[in-house]
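Visitor: dropping a prediction and its sequence here:
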Amino acid sequence: MKTQVGIIGAGPAGLMLSHLLHLEGIESVVLENRSRDEIEGTIRAGVLEQMTVDLLNETGVGERMMREGHIHHGIELQYNGIRQRVNMHELTEGKSVMVYPQHEVIKDLVAARLEASGKIYFSVSDVSLHDIETTSPKIRFKHDGGEEELVCDFIAGCDGFHGPSRKMIPDRVENQKIYPYGWLGILAETPIANPELIYANHDRGFALISQRTPEIQRHYIQVDPNDDIANWSDDRIWTELKARVETDDWKLPDGPIIQKNIVAMRSFVCEPMQHGRLFIAGDAAHIVPPTGAKGLNLAMGDVQVLSRGIQEHYQTGRNDMLDRYSEIALRRIWKAQRFSWWMTTMLHRDYSHSSFERGIQISELDYVCTSRAALTSLSENYVGLPLEWESASKIKV
Ligand code: RFL
Ligand code: PHB
(Lines give C-alpha, C1' and ligand atoms only; values in the text may rest on other atoms or scores of the structure.)
(Ligands and ions follow the chains in the order given, each with its own letter.)
Protein backbone atom coordinates (compact mmCIF):
# COMPACT_ATOMS: atom_id res chain seq x y z
CA MET A 1 0.00 0.00 0.00
CA LYS A 2 1.14 3.51 -0.76
CA THR A 3 -0.12 6.95 0.28
CA GLN A 4 1.18 10.49 0.60
CA VAL A 5 0.54 10.91 4.35
CA GLY A 6 0.15 7.97 6.74
CA ILE A 7 -1.78 9.10 9.81
CA ILE A 8 -1.72 7.06 13.04
CA GLY A 9 -4.80 7.70 15.19
CA ALA A 10 -8.39 8.74 14.44
CA GLY A 11 -8.81 11.29 17.24
CA PRO A 12 -9.52 14.96 16.57
CA ALA A 13 -5.91 15.53 15.40
CA GLY A 14 -5.71 12.61 12.93
CA LEU A 15 -9.19 13.04 11.47
CA MET A 16 -8.92 16.80 11.04
CA LEU A 17 -5.47 16.45 9.44
CA SER A 18 -6.84 13.90 6.98
CA HIS A 19 -9.78 16.21 6.22
CA LEU A 20 -7.56 19.31 5.69
CA LEU A 21 -5.19 17.38 3.42
CA HIS A 22 -8.11 16.04 1.40
CA LEU A 23 -9.36 19.62 0.83
CA GLU A 24 -5.92 20.39 -0.64
CA GLY A 25 -6.00 17.30 -2.88
CA ILE A 26 -3.46 15.38 -0.77
CA GLU A 27 -4.13 11.68 -0.10
CA SER A 28 -3.86 10.12 3.34
CA VAL A 29 -4.66 6.86 5.13
CA VAL A 30 -5.75 6.86 8.79
CA LEU A 31 -4.92 3.85 10.99
CA GLU A 32 -6.85 3.52 14.25
CA ASN A 33 -6.52 0.73 16.79
CA ARG A 34 -10.02 1.11 18.25
CA SER A 35 -13.35 0.42 16.53
CA ARG A 36 -15.50 3.13 14.98
CA ASP A 37 -18.09 2.63 17.76
CA GLU A 38 -15.45 3.11 20.44
CA ILE A 39 -13.99 6.35 19.07
CA GLU A 40 -17.47 7.74 18.44
CA GLY A 41 -18.60 6.86 21.96
CA THR A 42 -15.69 7.97 24.19
CA ILE A 43 -16.68 10.93 26.37
CA ARG A 44 -13.94 13.54 26.64
CA ALA A 45 -13.77 17.26 25.88
CA GLY A 46 -16.69 19.63 25.69
CA VAL A 47 -15.44 23.14 24.96
CA LEU A 48 -14.37 24.33 21.51
CA GLU A 49 -12.42 27.56 21.13
CA GLN A 50 -13.46 30.19 18.62
CA MET A 51 -10.62 29.13 16.28
CA THR A 52 -11.76 25.48 16.35
CA VAL A 53 -15.35 26.52 15.66
CA ASP A 54 -14.16 28.68 12.74
CA LEU A 55 -12.02 25.83 11.39
CA LEU A 56 -14.90 23.33 11.49
CA ASN A 57 -17.19 25.82 9.73
CA GLU A 58 -14.65 26.93 7.12
CA THR A 59 -13.88 23.33 6.17
CA GLY A 60 -17.53 22.31 5.82
CA VAL A 61 -17.93 20.08 8.89
CA GLY A 62 -19.57 22.55 11.29
CA GLU A 63 -23.20 22.31 10.25
CA ARG A 64 -24.40 19.97 13.02
CA MET A 65 -22.28 21.78 15.61
CA MET A 66 -23.97 25.08 14.71
CA ARG A 67 -27.38 23.39 15.06
CA GLU A 68 -26.83 21.29 18.19
CA GLY A 69 -23.95 23.03 20.01
CA HIS A 70 -24.34 25.90 22.44
CA ILE A 71 -22.45 29.16 22.11
CA HIS A 72 -21.23 30.46 25.48
CA HIS A 73 -20.33 34.12 25.90
CA GLY A 74 -18.83 33.67 29.35
CA ILE A 75 -18.11 31.46 32.36
CA GLU A 76 -18.69 31.87 36.08
CA LEU A 77 -15.98 31.73 38.74
CA GLN A 78 -16.86 30.89 42.33
CA TYR A 79 -14.83 31.14 45.54
CA ASN A 80 -15.70 31.84 49.18
CA GLY A 81 -19.36 31.43 48.20
CA ILE A 82 -19.10 34.39 45.79
CA ARG A 83 -20.14 33.83 42.14
CA GLN A 84 -18.61 36.14 39.51
CA ARG A 85 -19.59 36.12 35.83
CA VAL A 86 -16.77 36.60 33.32
CA ASN A 87 -18.21 38.29 30.23
CA MET A 88 -15.75 36.91 27.71
CA HIS A 89 -17.71 38.07 24.71
CA GLU A 90 -17.38 41.68 25.78
CA LEU A 91 -13.80 41.41 27.05
CA THR A 92 -12.53 39.80 23.81
CA GLU A 93 -14.50 42.03 21.45
CA GLY A 94 -16.98 39.46 20.28
CA LYS A 95 -15.34 36.05 20.76
CA SER A 96 -16.96 33.10 22.47
CA VAL A 97 -16.64 29.31 22.89
CA MET A 98 -18.90 26.47 21.78
CA VAL A 99 -20.06 23.65 24.05
CA TYR A 100 -20.22 20.66 21.67
CA PRO A 101 -18.88 17.24 22.74
CA GLN A 102 -15.65 15.89 21.29
CA HIS A 103 -17.26 12.60 20.24
CA GLU A 104 -19.76 14.54 18.13
CA VAL A 105 -16.84 16.32 16.39
CA ILE A 106 -15.37 12.85 15.80
CA LYS A 107 -18.65 11.60 14.29
CA ASP A 108 -18.83 14.63 11.97
CA LEU A 109 -15.23 14.20 10.81
CA VAL A 110 -15.53 10.43 10.28
CA ALA A 111 -18.72 10.96 8.25
CA ALA A 112 -17.04 13.64 6.11
CA ARG A 113 -13.97 11.49 5.45
CA LEU A 114 -15.98 8.39 4.55
CA GLU A 115 -18.35 10.38 2.33
CA ALA A 116 -15.32 11.64 0.38
CA SER A 117 -14.07 8.02 0.07
CA GLY A 118 -11.31 8.72 2.60
CA LYS A 119 -9.45 5.67 3.87
CA ILE A 120 -9.76 4.93 7.59
CA TYR A 121 -8.76 1.49 8.87
CA PHE A 122 -10.38 0.82 12.26
CA SER A 123 -9.33 -1.87 14.76
CA VAL A 124 -5.77 -2.22 13.45
CA SER A 125 -3.08 -3.62 15.76
CA ASP A 126 0.71 -3.85 16.13
CA VAL A 127 1.37 -0.46 14.49
CA SER A 128 5.10 0.21 14.07
CA LEU A 129 7.04 2.98 12.31
CA HIS A 130 10.07 2.41 10.05
CA ASP A 131 12.60 4.36 7.96
CA ILE A 132 11.43 7.76 9.25
CA GLU A 133 14.79 9.31 8.39
CA THR A 134 14.32 8.43 4.68
CA THR A 135 11.99 10.00 2.09
CA SER A 136 9.77 6.90 2.12
CA PRO A 137 8.90 6.11 5.73
CA LYS A 138 6.71 3.06 6.38
CA ILE A 139 4.04 1.98 8.82
CA ARG A 140 3.52 -1.72 9.45
CA PHE A 141 0.31 -2.93 11.06
CA LYS A 142 -2.10 -5.83 11.31
CA HIS A 143 -5.64 -5.65 9.99
CA ASP A 144 -8.27 -8.39 9.54
CA GLY A 145 -5.67 -11.01 10.40
CA GLY A 146 -3.24 -9.86 7.69
CA GLU A 147 0.08 -7.99 7.97
CA GLU A 148 0.23 -4.76 5.97
CA GLU A 149 2.88 -2.20 5.06
CA LEU A 150 1.97 1.37 4.19
CA VAL A 151 4.67 3.29 2.32
CA CYS A 152 4.29 7.06 2.76
CA ASP A 153 5.96 10.38 1.98
CA PHE A 154 5.23 11.58 5.54
CA ILE A 155 3.96 10.03 8.78
CA ALA A 156 1.74 12.00 11.16
CA GLY A 157 1.72 10.57 14.68
CA CYS A 158 -1.70 11.57 16.00
CA ASP A 159 -1.90 8.55 18.30
CA GLY A 160 -2.50 10.23 21.66
CA PHE A 161 -0.35 10.15 24.77
CA HIS A 162 0.22 6.36 24.83
CA GLY A 163 0.75 5.80 21.09
CA PRO A 164 4.04 4.59 19.56
CA SER A 165 4.96 7.71 17.51
CA ARG A 166 6.49 10.02 20.09
CA LYS A 167 8.99 7.35 21.19
CA MET A 168 10.46 7.38 17.66
CA ILE A 169 11.89 10.90 18.18
CA PRO A 170 15.36 10.05 19.49
CA ASP A 171 16.58 13.44 20.70
CA ARG A 172 13.35 14.54 22.38
CA VAL A 173 13.01 16.32 25.70
CA GLU A 174 9.88 15.51 27.70
CA ASN A 175 8.85 18.36 30.02
CA GLN A 176 6.35 17.21 32.60
CA LYS A 177 4.47 18.22 35.72
CA ILE A 178 2.21 15.80 37.63
CA TYR A 179 -0.47 17.37 39.83
CA PRO A 180 -1.69 15.96 43.14
CA TYR A 181 -5.27 16.28 41.82
CA GLY A 182 -7.64 13.98 39.97
CA TRP A 183 -11.00 14.76 38.36
CA LEU A 184 -13.99 12.58 39.05
CA GLY A 185 -16.24 13.20 36.04
CA ILE A 186 -19.90 12.24 35.75
CA LEU A 187 -22.56 12.17 33.07
CA ALA A 188 -25.97 12.59 34.69
CA GLU A 189 -29.56 12.70 33.54
CA THR A 190 -30.56 16.13 34.79
CA PRO A 191 -31.65 19.38 33.23
CA ILE A 192 -28.99 22.03 32.47
CA ALA A 193 -27.89 23.39 35.86
CA ASN A 194 -26.73 26.84 34.80
CA PRO A 195 -26.66 28.75 31.49
CA GLU A 196 -22.83 28.93 31.67
CA LEU A 197 -20.04 26.72 33.05
CA ILE A 198 -19.17 27.24 36.74
CA TYR A 199 -15.56 26.81 37.90
CA ALA A 200 -15.55 26.68 41.72
CA ASN A 201 -12.70 26.84 44.23
CA HIS A 202 -13.97 25.50 47.55
CA ASP A 203 -12.30 24.46 50.81
CA ARG A 204 -13.40 20.90 50.00
CA GLY A 205 -11.76 21.07 46.53
CA PHE A 206 -12.46 22.21 42.96
CA ALA A 207 -15.77 21.57 41.18
CA LEU A 208 -16.89 22.22 37.60
CA ILE A 209 -20.50 22.40 36.42
CA SER A 210 -20.64 21.79 32.67
CA GLN A 211 -23.28 20.56 30.26
CA ARG A 212 -23.89 18.33 27.26
CA THR A 213 -27.49 18.22 26.02
CA PRO A 214 -30.77 19.53 27.43
CA GLU A 215 -31.22 16.10 29.13
CA ILE A 216 -27.64 15.03 30.04
CA GLN A 217 -25.02 17.04 31.93
CA ARG A 218 -21.29 16.71 32.66
CA HIS A 219 -19.85 17.73 36.03
CA TYR A 220 -16.50 17.20 37.75
CA ILE A 221 -15.09 17.25 41.28
CA GLN A 222 -11.48 17.27 42.41
CA VAL A 223 -10.54 14.00 44.13
CA ASP A 224 -7.33 12.20 45.03
CA PRO A 225 -5.93 10.92 41.68
CA ASN A 226 -5.34 7.50 43.29
CA ASP A 227 -8.86 7.20 44.64
CA ASP A 228 -11.00 4.29 43.43
CA ILE A 229 -14.27 5.16 41.69
CA ALA A 230 -15.85 2.29 43.69
CA ASN A 231 -15.54 4.55 46.76
CA TRP A 232 -17.90 7.08 45.17
CA SER A 233 -21.58 6.19 45.39
CA ASP A 234 -23.97 8.42 43.44
CA ASP A 235 -25.17 9.91 46.73
CA ARG A 236 -21.67 10.75 47.84
CA ILE A 237 -20.91 12.44 44.50
CA TRP A 238 -24.05 14.61 44.61
CA THR A 239 -23.46 15.56 48.26
CA GLU A 240 -19.91 16.62 47.46
CA LEU A 241 -20.85 18.53 44.28
CA LYS A 242 -23.62 20.39 46.09
CA ALA A 243 -21.37 21.25 49.04
CA ARG A 244 -18.85 22.80 46.66
CA VAL A 245 -21.09 24.76 44.26
CA GLU A 246 -24.45 25.56 45.83
CA THR A 247 -25.07 29.06 47.14
CA ASP A 248 -27.96 30.45 49.20
CA ASP A 249 -29.95 31.19 46.06
CA TRP A 250 -28.62 28.61 43.59
CA LYS A 251 -29.25 24.86 43.88
CA LEU A 252 -27.81 22.03 41.74
CA PRO A 253 -30.37 19.68 40.17
CA ASP A 254 -29.46 16.00 40.65
CA GLY A 255 -30.54 12.78 38.93
CA PRO A 256 -29.32 9.33 37.82
CA ILE A 257 -25.58 9.15 37.11
CA ILE A 258 -25.03 7.19 33.88
CA GLN A 259 -21.24 7.27 33.75
CA LYS A 260 -18.44 8.09 36.21
CA ASN A 261 -14.65 7.85 36.17
CA ILE A 262 -11.50 9.38 37.67
CA VAL A 263 -8.64 10.83 35.61
CA ALA A 264 -5.24 12.03 36.83
CA MET A 265 -3.89 15.40 35.74
CA ARG A 266 -0.60 16.28 34.13
CA SER A 267 1.10 18.93 32.02
CA PHE A 268 3.43 17.51 29.38
CA VAL A 269 5.33 18.95 26.39
CA CYS A 270 7.57 16.98 24.02
CA GLU A 271 10.24 18.97 22.18
CA PRO A 272 10.77 18.80 19.25
CA MET A 273 7.61 17.43 17.64
CA GLN A 274 9.33 16.07 14.53
CA HIS A 275 12.13 13.83 13.37
CA GLY A 276 12.94 13.13 9.72
CA ARG A 277 9.62 12.52 7.98
CA LEU A 278 7.69 11.94 11.25
CA PHE A 279 5.58 14.73 12.75
CA ILE A 280 3.59 14.27 15.96
CA ALA A 281 0.46 16.27 16.81
CA GLY A 282 -2.11 16.63 19.58
CA ASP A 283 -1.95 14.53 22.76
CA ALA A 284 0.92 12.51 21.24
CA ALA A 285 3.06 15.62 21.77
CA HIS A 286 1.46 17.40 24.72
CA ILE A 287 -1.04 17.05 27.53
CA VAL A 288 -2.74 19.86 29.43
CA PRO A 289 -4.75 19.52 32.63
CA PRO A 290 -8.42 19.88 31.58
CA THR A 291 -9.10 23.03 33.66
CA GLY A 292 -8.37 25.34 30.71
CA ALA A 293 -10.37 23.22 28.21
CA LYS A 294 -7.47 23.34 25.75
CA GLY A 295 -6.51 19.76 24.75
CA LEU A 296 -8.69 19.25 21.70
CA ASN A 297 -8.13 22.84 20.60
CA LEU A 298 -4.36 22.45 20.68
CA ALA A 299 -4.67 19.30 18.57
CA MET A 300 -6.65 21.31 16.00
CA GLY A 301 -3.99 24.06 16.00
CA ASP A 302 -1.13 21.60 15.45
CA VAL A 303 -2.72 20.00 12.40
CA GLN A 304 -3.42 23.36 10.81
CA VAL A 305 0.32 24.08 10.89
CA LEU A 306 1.21 20.57 9.73
CA SER A 307 -1.26 20.53 6.83
CA ARG A 308 0.04 23.91 5.61
CA GLY A 309 3.62 22.60 5.73
CA ILE A 310 2.71 19.44 3.81
CA GLN A 311 0.75 21.51 1.30
CA GLU A 312 3.77 23.78 0.75
CA HIS A 313 5.93 20.69 0.18
CA TYR A 314 3.67 19.32 -2.59
CA GLN A 315 2.96 22.70 -4.19
CA THR A 316 6.46 24.20 -4.22
CA GLY A 317 8.85 21.40 -3.27
CA ARG A 318 9.99 23.53 -0.32
CA ASN A 319 10.05 22.38 3.30
CA ASP A 320 10.43 25.75 5.04
CA MET A 321 7.15 25.47 6.92
CA LEU A 322 7.63 21.78 7.74
CA ASP A 323 11.10 22.52 9.11
CA ARG A 324 9.49 25.10 11.41
CA TYR A 325 6.51 22.90 12.40
CA SER A 326 7.67 22.30 16.00
CA GLU A 327 8.65 25.91 16.50
CA ILE A 328 5.32 27.33 15.28
CA ALA A 329 3.17 24.75 17.05
CA LEU A 330 5.12 24.90 20.32
CA ARG A 331 4.73 28.66 20.63
CA ARG A 332 0.97 28.28 20.96
CA ILE A 333 1.28 25.06 22.98
CA TRP A 334 3.49 26.63 25.67
CA LYS A 335 1.08 29.54 26.04
CA ALA A 336 -1.85 27.16 26.45
CA GLN A 337 0.25 25.15 28.92
CA ARG A 338 0.87 28.28 30.96
CA PHE A 339 -2.83 29.15 30.98
CA SER A 340 -3.94 25.60 31.86
CA TRP A 341 -1.36 25.39 34.68
CA TRP A 342 -2.46 28.80 35.98
CA MET A 343 -6.19 27.97 35.94
CA THR A 344 -5.44 24.60 37.58
CA THR A 345 -3.30 25.96 40.40
CA MET A 346 -5.67 28.87 41.02
CA LEU A 347 -8.77 26.70 41.26
CA HIS A 348 -7.68 23.45 42.95
CA ARG A 349 -7.19 22.84 46.63
CA ASP A 350 -3.63 21.70 47.37
CA TYR A 351 -3.64 20.06 50.80
CA SER A 352 0.13 20.38 51.13
CA HIS A 353 -0.27 24.17 51.07
CA SER A 354 0.17 26.32 54.17
CA SER A 355 -2.48 28.84 55.23
CA PHE A 356 -0.23 31.48 53.64
CA GLU A 357 -0.38 29.81 50.21
CA ARG A 358 -4.14 29.32 50.55
CA GLY A 359 -4.44 33.05 51.37
CA ILE A 360 -2.46 33.92 48.23
CA GLN A 361 -4.70 31.65 46.13
CA ILE A 362 -7.92 33.25 47.34
CA SER A 363 -6.44 36.71 46.92
CA GLU A 364 -5.51 35.81 43.33
CA LEU A 365 -9.14 34.88 42.64
CA ASP A 366 -10.24 38.09 44.32
CA TYR A 367 -7.81 40.07 42.13
CA VAL A 368 -8.85 38.30 38.92
CA CYS A 369 -12.53 38.83 39.64
CA THR A 370 -12.15 42.53 40.38
CA SER A 371 -9.60 43.60 37.78
CA ARG A 372 -10.72 44.25 34.21
CA ALA A 373 -7.14 43.71 33.02
CA ALA A 374 -6.96 40.27 34.70
CA LEU A 375 -10.41 39.27 33.47
CA THR A 376 -9.43 40.31 29.94
CA SER A 377 -6.30 38.17 30.13
CA LEU A 378 -8.27 35.16 31.39
CA SER A 379 -10.87 35.65 28.67
CA GLU A 380 -8.49 35.98 25.72
CA ASN A 381 -6.73 32.79 26.81
CA TYR A 382 -9.97 30.88 27.41
CA VAL A 383 -11.49 31.71 24.00
CA GLY A 384 -8.08 30.82 22.54
CA LEU A 385 -4.90 32.54 21.40
CA PRO A 386 -4.17 32.66 17.66
CA LEU A 387 -1.47 30.69 15.91
CA GLU A 388 1.59 32.86 15.38
CA TRP A 389 3.55 32.03 12.27
CA GLU A 390 6.49 34.38 12.98
CA SER A 391 9.49 33.23 14.95
CA ALA A 392 9.22 34.39 18.60
CA SER A 393 12.77 35.76 18.46
CA LYS A 394 11.74 38.18 15.67
CA ILE A 395 8.93 39.76 17.68
CA LYS A 396 9.71 43.16 19.16
CA VAL A 397 7.65 44.36 22.10
P1 RFL B 1 -6.79 11.29 21.05
O2 RFL B 1 -8.15 11.83 21.11
O3 RFL B 1 -6.26 10.58 22.24
O4 RFL B 1 -6.71 10.35 19.77
C5 RFL B 1 -5.63 9.48 19.56
C6 RFL B 1 -6.15 8.29 18.78
O7 RFL B 1 -5.05 7.43 18.47
C8 RFL B 1 -5.45 6.09 18.70
N9 RFL B 1 -4.24 5.27 18.96
C10 RFL B 1 -3.72 4.41 18.05
N11 RFL B 1 -4.10 4.08 16.82
C12 RFL B 1 -3.38 3.14 16.17
N13 RFL B 1 -2.30 2.51 16.74
C14 RFL B 1 -1.89 2.82 17.96
N15 RFL B 1 -0.84 2.18 18.52
C16 RFL B 1 -2.61 3.80 18.70
N17 RFL B 1 -2.49 4.33 19.93
C18 RFL B 1 -3.48 5.22 20.07
C19 RFL B 1 -6.37 6.17 19.89
O20 RFL B 1 -7.23 5.04 19.96
C21 RFL B 1 -7.14 7.47 19.59
O22 RFL B 1 -8.31 7.25 18.86
O23 RFL B 1 -5.72 12.44 20.72
P24 RFL B 1 -5.85 13.77 19.81
O25 RFL B 1 -6.43 13.48 18.47
O26 RFL B 1 -4.53 14.40 19.91
O27 RFL B 1 -6.94 14.66 20.58
C28 RFL B 1 -6.68 15.18 21.84
C29 RFL B 1 -7.97 15.29 22.65
O30 RFL B 1 -8.65 14.06 22.60
C31 RFL B 1 -7.71 15.69 24.11
O32 RFL B 1 -6.68 16.64 24.18
C33 RFL B 1 -8.96 16.27 24.80
O34 RFL B 1 -9.96 15.28 24.96
C35 RFL B 1 -8.62 16.87 26.16
N36 RFL B 1 -9.77 17.38 26.89
C37 RFL B 1 -10.36 18.60 26.57
N38 RFL B 1 -9.91 19.31 25.51
C39 RFL B 1 -10.53 20.46 25.15
O40 RFL B 1 -10.08 21.10 24.19
N41 RFL B 1 -11.65 20.95 25.81
C42 RFL B 1 -12.16 20.28 26.88
O43 RFL B 1 -13.18 20.71 27.42
C44 RFL B 1 -11.50 19.08 27.32
N45 RFL B 1 -11.97 18.38 28.36
C46 RFL B 1 -10.31 16.62 27.95
C47 RFL B 1 -11.41 17.17 28.69
C48 RFL B 1 -9.77 15.38 28.29
C49 RFL B 1 -10.31 14.68 29.34
N50 RFL B 1 -9.75 13.40 29.62
C51 RFL B 1 -10.52 12.23 29.66
C52 RFL B 1 -8.32 13.24 29.61
C53 RFL B 1 -11.95 16.47 29.73
C54 RFL B 1 -11.40 15.24 30.09
C55 RFL B 1 -11.97 14.53 31.29
C1 PHB C 1 -16.39 19.36 29.82
O2 PHB C 1 -17.55 19.75 29.64
O3 PHB C 1 -16.06 18.17 29.69
C4 PHB C 1 -15.34 20.32 30.24
C5 PHB C 1 -15.66 21.67 30.26
C6 PHB C 1 -14.68 22.59 30.65
C7 PHB C 1 -13.42 22.15 31.02
C8 PHB C 1 -13.11 20.80 30.97
C9 PHB C 1 -14.08 19.88 30.58
O10 PHB C 1 -12.49 23.05 31.42
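Guide: That came through fine. Ligands and ions are numbered 1, 2, ... in the order given.

Visitor: can you list the residues of the stretch 251-397 of the chain near ligand 2?
Guide: Counting by CB under 6 Å from any ligand atom, the residues of the stretch 251-397 of the chain lying close to ligand 2 are Pro290, Thr291, Ala293. The way it works is simple: take the backbone N, C-alpha and C, and place the C-beta from them, glycine included.

Visitor: give me every residue that touches the first one.
Guide: Each residue near Pro290 by CB atoms under 8 Å, 6 or more residues apart in numbering is listed here: Ala45, Trp183, Tyr220, Val263, Met265, Ser340.

Visitor: repeat that for the second one.
Guide: Thr291 makes contacts with Tyr199, Phe206, Leu208, Ser340, Met343, Thr344, Leu347, His348, as judged by CB under 8 Å, 6+ apart.

Visitor: return the per-residue confidence for it.
Guide: Listed pLDDT for Thr291 reads 96.

Visitor: please apply the same query to Glu246.
Guide: We have a pLDDT of 97 for Glu246.

Visitor: what sits closest to it if chain neighbours are left out?
Guide: Closest residue in space to Glu246, ignoring its immediate chain neighbours: Leu252 at 5.7 Å, by CB to CB, 6 or more residues apart in numbering.

Visitor: these two touch, right, that neighbour and Arg244?
Guide: No: the criterion here is CB atoms under 8 Å, and Leu252 misses it with Arg244 at 9.3 Å.

Visitor: higher neighbour count, these two?
Guide: For Leu252 versus Arg244, the count of surrounding residues by other CB atoms under 10 Å is larger for Arg244: 23 against 20.

Visitor: gap between the more buried one and ligand 2?
Guide: According to CB to the nearest ligand atom, to the nearest Å, Arg244 and ligand 2 sit 15 Å apart.

Visitor: can you give me every residue that contacts that residue?
Guide: Taking CB under 8 Å, 6+ apart, we find Arg244 in contact with Ala200, His202, Arg204, Gly205, Phe206, Ala207, Ile221.

Visitor: what strand or helix carries it?
Guide: Using DSSP states H and E, Arg244 sits within helix 234-245.

Visitor: swap in Leu15?
Guide: Going by DSSP H and E, Leu15 is in helix 12-23.

Visitor: how about Val29?
Guide: Residue-wise, Val29 maps onto strand 28-31 under DSSP H and E.

Visitor: strand partners of that strand, parallel vs antiparallel please.
Guide: Strand 28-31 has its sheet partners listed here by DSSP bridges as strand 5-8 (parallel), strand 119-121 (parallel).

Visitor: got those strands as JSON lines, with mean pLDDT columns?
Guide: Formatted as JSON lines, the strands paired with strand 28-31 follow (pLDDT from 0 to 100):
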{"stretch": "strand 5-8", "mean pLDDT": "98"}
{"stretch": "strand 119-121", "mean pLDDT": "98"}
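
Visitor: tell me which of the ones you listed lies nearest to Cys152.
Guide: Cys152 lies closest to strand 5-8 among the strands paired with strand 28-31, at 3.8 Å (CB to CB).

Visitor: residues contacting the closest one, please?
Guide: Contact partners of strand 5-8, identified using CB under 8 Å, 6+ apart, comprise 14, 17-18, 21, 26-31, 127, 129, 137, 139, 150, 152-159, 163-165, 310.

Visitor: go with 7 Å
Guide: The contact list for strand 5-8 (CB atoms under 7 Å, 6 or more residues apart in numbering) reads 14, 17-18, 21, 26, 28-31, 127, 139, 150, 152-159, 163, 165, 310.

Visitor: what about the helix holding Leu15 and ligand 2, touching?
Guide: No: shown here: helix 12-23 not in contact with ligand 2 (CB under 6 Å from any ligand atom), separated by at least 13.8 Å.

Visitor: from the contact counts, what lies against that helix?
Guide: strand 5-8, strand 28-31, helix 102-115, helix 295-316 (3 or more CB pairs under 7 Å, 6 or more residues apart in numbering; DSSP states H and E).

Visitor: and the longest one with helix 12-23, angle?
Guide: Looking back up the chat, that one is helix 295-316. If you take axes from the mean of the first three to the mean of the last three CA atoms, to 10 degrees, helix 295-316 sits at 30 degrees to helix 12-23.

Visitor: and the angle for helix 295-316 with helix 102-115?
Guide: Using the same axes, to 10 degrees: helix 295-316 against helix 102-115 is 30 degrees.
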